[in-house]
Each structure stands twice: as C-alpha cells, then as structure tokens.
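*Asks:* Here is my input, please return the structure:
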Amino acid sequence: MLRAMAGILGRAFAFCEALLPSEQFRDGAGFSKVASIHPNRERDKQAMNALEGLKVLELGQLIAGPFAGKTLAEFGADVIKVEPAEVGDPLRKWRMLQGGTSVWWEVQSRNKRSVCLDLRSTEGQAAVRALALEADVLIENFKPGTLEGWGLGWEQLHALNPKLIMLRISGYGQTGPYRDKPGFGVLGESMGGLRYLSGEPGRVPVRVGVSLGDSLAALHGVIGVMMALYHRAAHGGEGQFIDVALYESVFNVMESLLPEYDAFGAVRERAGSALPGIAPTNAYRCNDGHYVLVAGNGDSIFRRLMRAIGRPDLEEEPALRHNDGRVANVERLDAAIEAWTSQRGRDEVLAALDQAGVPVGRIYTVEDIASDPQYLARDMIVEARTRDGRTLRVPGIVPKLSATPGRIAHPAPRLGEHTAALDGGGWPVRAETEGGAR
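*Replies:* The predicted structure is shown next:
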C-alpha cells in the first residue's frame with residue numbers, strides 16, 4: 001500500500017510541477033496573474049526543484065505533520081519549522097541519540113529551518129501571523145481547537161491570507177464526536193482496522209514496528225496539499241484547509257474490508273503471514289532456519305511455481321486453475337510448497353524461483369537493506385552530513401521525479417538556528433551557505 005501511495009505522490013508532484021511553472025494562471029478575473037511561487041521566470045526549469053518557491057510553515061511536532069513537511073522540503077519547498085525554545089520538537093530526543101540528538105531527527109527535519117517561538121505568547125502568535133501572511137502552506141497536527149485558542153485557527157489565518165492552504169492532521173479529524181480526544185498513530189491504526197488484522201490467529205493483535213498510521217496520514221496530507229495548490233493555481237481558487245484524520249488514512253488502505261462485511265457479514269481475521277482470499281502467498285520455511293516469501297497467486301505464476309517445485313499434478317489440476325479454487329485448497333498448496341522449501345536453503349530457493357519467474361524474496365533486516373544492490377542502485381541509501389560534521393547514512397528520497405528529483409540540500413537544523421532571521425519581519429530569505437548534505 002505504501003508503494004501505491006508513493007505512485008500517487010509521484011503523479012501529484014509531476015502534475016503540479018507541470019502546472020506551476022506556467023506563465024499565467026486564472027485568478028478569477030482572467031489569465032492575468034503570474035504564478036507567484038516561481039518568481040524567477042528566467043531560470044532553467046531543469047535546474048529548479050519541483051516545489052521551489054513554495055513557502056511552508058510547519059507548526060506540528062513528532063511524526064505526522066513533520067513527515068508531511070519533510071516530503072515537501074525534499075522537493076524544494078522552503079519549510080520553516082516552529083519549535084518551543086529550550087526543548088524543541090520531542091522527536092529530537094526519540095529513540096537512539098548521537099551527540100545528544102536523535103538520528104531520526106536528522107531524517108525527519110532535513111532541508112528545514114528551525115525557529116523558536118512560544119505559541120502561547122502574544123509575541124509568538126504575532127510572529128506566526130507574520131509568517132502565515134506570506135506562506136503558501138501551513139502544517140499543524142495539534143489537538144483540534146488548540147490553534148483556535150491561540151488566535152491562530154483557520155478562520156483567523158484565512159482572513160489574514162486568503163491564499164493560505166492549511167494542512168490539519170489529527171487523530172480523529174476536526175469534526176465528529178471523537179474530535180476532542182487525544183489521538184496517536186497506534187490508535188489510528190487500530191480504529192482504522194489494521195491492528196486487528198496484524199499477528200497470528202488466536203493471539204494478541206500486534207502493532208507494526210513503525211509509526212505507519214502517522215506516515216499514512218502525512219502522505220494523505222501531502223496529496224491534499226498538492227490538490228489544493230492545483231485548485232488555487234488552475235482555477236483561481238482561494239486557499240482551503242485539509243482535514244486529515246489518522247484513522248481515516250489507515251481505513252483508506254484497507255482494501256475490501258468493509259464491502260466484504262457488508263455483502264457477506266465477513267469479519268476478516270488475523271492470518272499471520274498469509275493473505276486470506278489470495279493463494280498461494282505466504283512465508284515458507286527453509287532448511288537453514290530462514291523463511292522466504294512466495295507470491296504464486298497469479299494463474300500463470302502458479303503454474304510456473306508448481307513446475308519449479310516438481311508438482312506438475314497440481315499445475316494441471318482443474319480446480320486450481322484460478323484463484324477461487326486455490327483459496328479452497330490453500331492448506332494443501334502451502335503444505336506442498338513448504339515440503340519443497342524445507343529441503344533447501346534460502347539462497348537455493350531464491351535462485352530456483354527467480355529462474356522460474358516466480359515472485360520470491362527474503363525477509364529483509366536493516367542490515368540486508370543497507371547493502372542491497374537494488375537499494376544502492378536507486379540511491380535509496382545516501383550519505384548525509386549533519387550540522388556538527390558527522391556523516392550518516394539515511395534513506396533516499398521517494399518518489400523519483402525524472403526532471404526535478406528531490407534532494408537533501410541542507411542538514412536538519414539546530415534548535416532555533418534560524419530564529420534570528422525573523423528579526424527583519426516577514427518571510428526570511430534562506431541563506432545558501434547553511435551547510436549541506438552529500
């Protein structure tokens with residue numbers, strides 16, 4: 001499902017990239033307004049970033065809002081991140097620290113600028129309004145009503161800057177009976193239906209090992225931002241707010257979960273490493289203690305798989321020609337496949353099924369990822385330099401744009417590193433000598 005989201009993002013970036021550099025866009029009175037987010041019309045467009053000139057104000061903390069800001073920043077948006085003084089975003093201290101700072105922070109906040117403001121103070125609120133006056137996008141993931149309490153809600157900022165687009169990410173959305181409940185990604189994953197399906201049958205539901213609900217919400221938020229930018233530029237629309245709920249972002253990728261319940265009263269249950277209703281696809285044990293993942297669920301793929309494991313009888317069996325018949329016989333098929341894999345080592349299984357044209361793979365650890373030739377060939381493992389001069393291997397950038405790919409132009413900022421730049425009032429000019437990544 002993340003691959004599908006990446007594809008959607010790629011198309012959205014390319015679409016907006018094609019739109020935004022155009023000489024004019026409709027502003028309600030005709031095609032007379034030059035697109036303001038690309039003020040330097042003479043620059044070679046191939047040298048531009050896809051979102052160059054886009055001004056983004058990030059007020060969120062931790063994962064969902066900042067992940068959205070990170071994605072926009074990787075494609076050239078100027079993202080100013082507002083943090084509380086002294087402590088900053090709590091993510092700075094989450095998980096493993098190096099030199100007192102989380103290495104996660106180095107990824108989540110690359111390309112951004114950091115300013116320290118007290119949003120509860122009159123001065124901090126005035127500074128946010130000054131930045132919002134020039135911003136294209138504002139990102140926040142506070143509990144609904146928090147910004148309104150500080151005089152920084154949608155109605156107030158929209159009146160100040162009608163072109164502003166506000167991305168609002170929360171646990172349950174800006175409306176509804178759960179609106180005021182605190183919500184984290186783990187709760188969104190559960191309410192969205194994912195947690196119940198994760199794990200082995202008859203055992204406690206387990207969580208995915210990363211903050212998937214937050215990341216899905218962030219990606220939905222970025223898609224919403226790109227849609228709103230298109231509407232503003234192409235249709236002469238004003239800004240709008242984008243209401244993203246964590247649980248809805250998870251629910252949106254739950255495939256046939258609801259219609260199966262509605263049509264058949266079926267409640268999908270945990271199935272471990274299998275995928276119910278699609279067969280055969282599972283994890284199979286090898287004789288060296290490793291497992292391989294085999295997806296033999298396409299009709300022609302199934303026939304190749306059966307030939308590869310020496311079971312032509314199953315290949316020719318009429319009841320197994322299509323998926324519905326294979327699902328009815330899934331236990332028999334899984335047993336046949338594992339009878340073959342369990343007599344061989346993982347590498348032998350991978351080589352044999354690769355040669356047969358059957359989708360097969362190992363279960364990757366991060367150690368596997370860091371040295372995998374496919375990752376390396378596609379620049380998904382890159383070396384960055386931190387503000388204190390350390391080098392760190394970090395994930396590359398997704399999605400891949402052919403003409404204006406994303407890049408790591410600046411390392412994650414020190415706390416409040418750019419606060420002084422606000423003294424001049426308005427949106428500060430970004431210095432091109434702030435350091436960078438390799």
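*Asks:* burial measure for residue 106, as a count.
*Replies:* By other C-beta atoms under 10 Å, the residues close to residue 106 number 21. Quick note: C-beta positions are derived from backbone N, CA and C, even for glycine.
*Asks:* So the closest residue to it other than its chain neighbours, which state does it fall into?
*Replies:* Ranked by C-beta to C-beta, 6 or more residues apart in numbering and with sequence neighbours excluded, the top spatial neighbour of residue 106 is residue 412, at 4.8 Å. Three-state assignment for residue 412 (DSSP: H, G, I helix; E, B strand; the rest coil): coil.
*Asks:* low-scoring stretches of the stretch 1-150 of the chain, by residue?
*Replies:* Scanning the stretch 1-150 of the chain for pLDDT under 70 picks out 1-47.
*Asks:* which stretches of it form helices?
*Replies:* Under the criterion DSSP state H, counting those that start in this stretch, helices of the stretch 1-150 of the chain are mapped to 2-19, 64-74, 103-108, 122-134, 146-149.
*Asks:* Check which helices and strands the helix or strand following the last one sits against.
*Replies:* If you walk from helix 146-149 toward the C-terminus, the next helix or strand you reach (DSSP states H and E) is helix 154-160. With contacts defined as 3 or more C-beta pairs under 8 Å, 6 or more residues apart in numbering; DSSP states H and E, the packing partners of helix 154-160 are helix 122-134, helix 146-149, strand 165-170.
*Asks:* Alpha carbons of stretch 405-425, as PDB, please.
*Replies:* Taking Å, rounded to 0.1, in the frame of the first residue of the first chain, the C-alpha atoms of stretch 405-425 are listed here in PDB:
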ATOM      1  CA  PRO A 405      14.300  14.900  -8.400                       C
ATOM      2  CA  GLY A 406      14.200  15.700  -4.700                       C
ATOM      3  CA  ARG A 407      17.400  16.300  -2.900                       C
ATOM      4  CA  ILE A 408      19.000  16.800   0.500                       C
ATOM      5  CA  ALA A 409      20.100  20.400   0.300                       C
ATOM      6  CA  HIS A 410      20.500  21.200   4.000                       C
ATOM      7  CA  PRO A 411      21.000  19.000   7.100                       C
ATOM      8  CA  ALA A 412      18.500  19.100   9.900                       C
ATOM      9  CA  PRO A 413      18.700  22.400  11.800                       C
ATOM     10  CA  ARG A 414      20.000  23.000  15.300                       C
ATOM     11  CA  LEU A 415      17.300  24.200  17.700                       C
ATOM     12  CA  GLY A 416      16.400  27.800  16.900                       C
ATOM     13  CA  GLU A 417      19.100  28.100  14.300                       C
ATOM     14  CA  HIS A 418      17.100  30.400  12.200                       C
ATOM     15  CA  THR A 419      15.200  32.400  14.800                       C
ATOM     16  CA  ALA A 420      17.400  35.500  14.400                       C
ATOM     17  CA  ALA A 421      16.500  35.700  10.700                       C
ATOM     18  CA  LEU A 422      12.900  36.700  11.800                       C
ATOM     19  CA  ASP A 423      14.100  40.000  13.100                       C
ATOM     20  CA  GLY A 424      13.700  41.600   9.800                       C
ATOM     21  CA  GLY A 425      10.000  40.800   9.700                       C
END
